[in-house]
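In: here is my input; please provide its structure:
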Amino acid sequence: MTAILWNSTSAPAGDRNLHLLGVSVPFPDEAFDRVVNIDLWRMLSAADMSRLVLEGFRLATEVALVWTSAVTAPVLDNLEYAAAMLRQAGRVDVEPDDGRGYAVLRCRRLV
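Out: Sure, this is the predicted structure:
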């Protein structure tokens, strides 16, 4: 099933790119295989980030959080800290930047 993309302003808004924060969305449970969130998640408080990941898990088995090197987030600026914090909610694999200009935290439900 197609992934949903949140808050990527480089892609036009549409049925699967609503430009929402992602903590409450109008899709049914398990509507997608993967939820993708680009950079905005880094600016959320820990409580809002928890809601974002839990809402993502409601919609999909994987939540991919993209961390681009072009953005300086005012709240979360340490990739390893983010991964450690998210491991409380599920399994987290880190795909490092490796010169691509972005890293990805792949979060999967523990169930």
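
In: only C-alpha atoms from now on, for both contacts and neighbour counts.
Out: OK.

In: can you classify R51 as helix, strand or coil?
Out: helix (DSSP: H, G, I helix; E, B strand; the rest coil).

In: same thing with V66?
Out: When classified by three-state DSSP, V66 comes out as strand.

In: that one: what's it in contact with?
Out: V36, N37, I38, D39, Y102, A103, V104, L105 (Cα atoms under 8 Å, 6 or more residues apart in numbering).

In: which single one of the residues you listed is nearest to T68?
Out: Set against T68, the nearest of the contacts of V66 by Cα to Cα is Y102 (4.1 Å).

In: before we move on, the earlier item: now the contacts of V66: which count as buried?
Out: V36, N37, I38, D39, Y102, A103, V104, L105 (16 or more other Cα atoms under 10 Å).

In: show me which of those residues is closest to V94.
Out: For the buried ones among the contacts of V66, the nearest to V94 is L105 (4.7 Å; Cα to Cα).
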